[in-house]
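A.B. asks: here are the coordinates; sequence isn't available:
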């Protein structure tokens, strides 16, 4: 149940040029910048809502491998090695990953009242089905981010694709949550 202090995850948007897609989400998070930064840009914070990060070298050119702790429809876990391609402490963390996840960028803006603005961008290559899968996947993970920031990291052993599947249907139909 949402109240005035619980962030609502708004539908992400996408822009496509052939098989290249840019996915965007904007989240208003009622937490201080250092807390949000730790969640999106540290080996300790990422597993609570997204993926284990090992290795994780927090600098431009550093190595990063994200190991998703949930699985796809067939029970496969994603492992995506890559490189840190932008790093500005408490402002920008960008990872360019091999495979379907492409480039992911977290951009934190200074607080606006009691909220930090997190702008997320994901650049991928693939068909429209992949675009919809990724929109639903990021949306689902951002629900986990909100929970993790509130002190309730994801219990990946209990994860199911139910919410992801519902979100996938919403994105395919062009309807909002």
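C.D. replies: Cool, the structure landed. The structure presented is a predicted model; accordingly, all values stated were derived computationally and were not measured. Numbering: from 1, shown residues only.

A.B. asks: Just the strands from the protein, written as ranges.
C.D. replies: Using DSSP state E, the strands assigned to the chain run over residues 13-17, 20-29, 51-56, 63-68, 79-88, 92-97, 103-112, 115-125.

A.B. asks: With mean neighbour count and mean pLDDT as added columns, please give the ones you listed in JSON lines.
C.D. replies: Placement of C-beta: from N, CA and C, glycine included. Shown next, in JSON lines, are those (neighbours: other CB atoms under 10 Å; pLDDT from 0 to 100):
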{"stretch": "strand 13-17", "mean neighbour count": "11", "mean pLDDT": "97"}
{"stretch": "strand 20-29", "mean neighbour count": "18", "mean pLDDT": "97"}
{"stretch": "strand 51-56", "mean neighbour count": "16", "mean pLDDT": "97"}
{"stretch": "strand 63-68", "mean neighbour count": "18", "mean pLDDT": "97"}
{"stretch": "strand 79-88", "mean neighbour count": "16", "mean pLDDT": "98"}
{"stretch": "strand 92-97", "mean neighbour count": "20", "mean pLDDT": "98"}
{"stretch": "strand 103-112", "mean neighbour count": "16", "mean pLDDT": "94"}
{"stretch": "strand 115-125", "mean neighbour count": "18", "mean pLDDT": "97"}
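
A.B. asks: Same list, those, but as CSV with distance to residue 173 please.
C.D. replies: Shown next, in CSV, are the strands of the chain (distance: least, CB to CB, whole Å):
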stretch, distance to residue 173
strand 13-17, 14
strand 20-29, 17
strand 51-56, 28
strand 63-68, 26
strand 79-88, 28
strand 92-97, 29
strand 103-112, 25
strand 115-125, 21
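
A.B. asks: so which of these comes closest to residue 153?
C.D. replies: Nearest of the strands of the chain to residue 153, taken as CB to CB: strand 51-56 at 12.0 Å.

A.B. asks: So in that sheet, which strands flank the closest one, and in what orientation?
C.D. replies: The strands that strand 51-56 pairs with in its sheet are strand 63-68 (antiparallel) (by DSSP bridges).

A.B. asks: angle of the partner strand against strand 103-112?
C.D. replies: 90 degrees (axes from the mean of the first three to the mean of the last three CA atoms, to 10 degrees).

A.B. asks: now strand 63-68, how far from the centre of its chain.
C.D. replies: Averaging C-alpha positions (CA atoms, centre = their mean, to the nearest Å) puts strand 63-68 13 Å from its chain's average.
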